[in-house]
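S.K.: Show me the folded form of this:
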Amino acid sequence: MLEILEMSKHYGDVHAVNNLSLTIPPGEIFTMLGANGAGKTTTLMVSLGFTEPTAGTVKICGIDVTKDPLEAKKHVAYVSENVMLYGNFTARQNLEFFTKLGGRKNVSAAEYENVMDRVGLQRDAFERRVKGFSKGMRQKLGIAIAIMKDAEVILLDEPTSGLDPKSGAEFLKLLEELREEKKAIWMTTHDIFRAKQIADRVGIMVAGNLVKIFSRDELKQADLESIYVEYVSQPEVQAA
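M.R.: Predicted coordinates for the structure are as follows:
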């Protein structure tokens with residue numbers, strides 16, 4: 001479970017996030033929409049313990065990420081928009097390295113191959129150096145690394161960036177599987193169509209404020225794109 005409790009993050013006079021409260025329970029996909037600079041990535045960075053909140057608390061599986069960051073990190077996996085990998089390592093070597101770094105030591109070769117198959121990485125790419133990979137292939141490998149960590153909470157920052165339509169559809173199917181495994185998943189995206197298609201709830205963030213949350217039932221009826229554009233066009237709007 002991810003719990004964000006009255007969290008704010010300010011950089012001098014810049015209020016990146018304002019009094020945000022949000023809980024994502026196991027088995028839910030929460031998708032956050034927002035323009036660049038809305039506060040989505042800042043919230044992720046605080047949740048990962050990369051920066052401390054100005055006020056409030058973030059907990060992962062009940063662990064305060066500021067007070068006990070090393071323990072909290074054991075329970076969370078993160079995939080960024082630009083996945084950082086070792087270019088001179090093969091896909092398999094990257095996967096093995098980051099899996100061991102995450103604390104899993106006794107993983108079989110078959111498990112590594114199964115997870116690369118699962119994310120749709122081509123078999124002939126397993127033993128190729130990552131420096132020759134496309135952005136989409138790097139994203140798939142980043143998702144494989146997150147799966148191998150087997151964390152209860154998964155944070156995804158624009159994870160479909162660089163994926164073609166077929167790979168994007170495969171990714172949504174993968175998210176559905178992870179939801180069935182009771183992972184708590186938070187995904188930021190600019191892709192309104194995929195957000196509406198996969199999410200249990202969708203939030204809209206504007207100028208550091210979470211201004212609206214839609215439930216699954218509300219999403220079925222809402223013209224999400226029009227509502228999103230309306231909110232983003234009024235950055236002075238306050239949280240509902």
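
S.K.: show me where the chain has helices.
M.R.: Assigned by DSSP state H, the chain shows helices spanning 40-47, 69-73, 91-101, 109-118, 135-149, 165-180, 192-198, 216-221, 224-232.

S.K.: In JSON lines, list those helices along with mean neighbour count.
M.R.: (Glycine included, C-beta is placed from N, CA and C.) Shown next, in JSON lines, are these (neighbours: other C-beta atoms under 10 Å):
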{"stretch": "helix 40-47", "mean neighbour count": "23"}
{"stretch": "helix 69-73", "mean neighbour count": "16"}
{"stretch": "helix 91-101", "mean neighbour count": "19"}
{"stretch": "helix 109-118", "mean neighbour count": "15"}
{"stretch": "helix 135-149", "mean neighbour count": "23"}
{"stretch": "helix 165-180", "mean neighbour count": "15"}
{"stretch": "helix 192-198", "mean neighbour count": "18"}
{"stretch": "helix 216-221", "mean neighbour count": "11"}
{"stretch": "helix 224-232", "mean neighbour count": "16"}
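
S.K.: okay, these in TSV with distance to residue 14 and mean pLDDT next?
M.R.: Formatted as TSV, those follow (distance: least, C-beta to C-beta, whole Å; pLDDT from 0 to 100):
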stretch	distance to residue 14	mean pLDDT
helix 40-47	10	92
helix 69-73	24	91
helix 91-101	33	91
helix 109-118	40	90
helix 135-149	29	86
helix 165-180	32	85
helix 192-198	26	84
helix 216-221	31	85
helix 224-232	18	83
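
S.K.: tell me, what residue is most central in the chain?
M.R.: residue 156 (1.3 Å; C-alpha atoms, centre = their mean).

S.K.: what's the closest non-adjacent residue to that one?
M.R.: Spatial nearest neighbour of residue 156, chain neighbours left out: residue 187 (4.1 Å); criterion: C-beta to C-beta, 6 or more residues apart in numbering.

S.K.: OK, contacts around the one you found?
M.R.: 29-32, 155-157, 159, 175, 195, 199 (C-beta atoms under 8 Å, 6 or more residues apart in numbering).

S.K.: quick revisit: relative to residue 6, which of the helices of the chain is closest?
M.R.: helix 40-47 (12.3 Å; C-beta to C-beta).

S.K.: on contacts alone, who are the packing partners of that closest one?
M.R.: Counting contacts by 3 or more C-beta pairs under 8 Å, 6 or more residues apart in numbering; DSSP states H and E, helix 40-47 packs against strand 2-11, strand 14-24, strand 55-60, strand 153-157, strand 184-189.

S.K.: Those into CSV, with extra columns for mean pLDDT and distance to residue 231?
M.R.: Listed next are the helices and strands packed on helix 40-47 as CSV, based on pLDDT from 0 to 100; distance: least, C-beta to C-beta, whole Å:
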stretch, mean pLDDT, distance to residue 231
strand 2-11, 95, 20
strand 14-24, 94, 15
strand 55-60, 96, 23
strand 153-157, 93, 21
strand 184-189, 92, 16
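
S.K.: Distance to residue 76 added to those strands, as TSV?
M.R.: Converted to TSV, these look like this (distance: least, C-beta to C-beta, whole Å):
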stretch	distance to residue 76
strand 2-11	8
strand 14-24	11
strand 55-60	5
strand 153-157	4
strand 184-189	9
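
S.K.: Quick one: closest of the ones you listed to residue 218.
M.R.: strand 14-24 (16.5 Å).

S.K.: how far is the closest one from where the chain is centred?
M.R.: 16 Å (C-alpha atoms, centre = their mean, to the nearest Å).

S.K.: What pairs with it, parallel or antiparallel?
M.R.: Strands flanking strand 14-24 in the sheet, each with its direction: strand 2-11 (antiparallel) (DSSP bridges).
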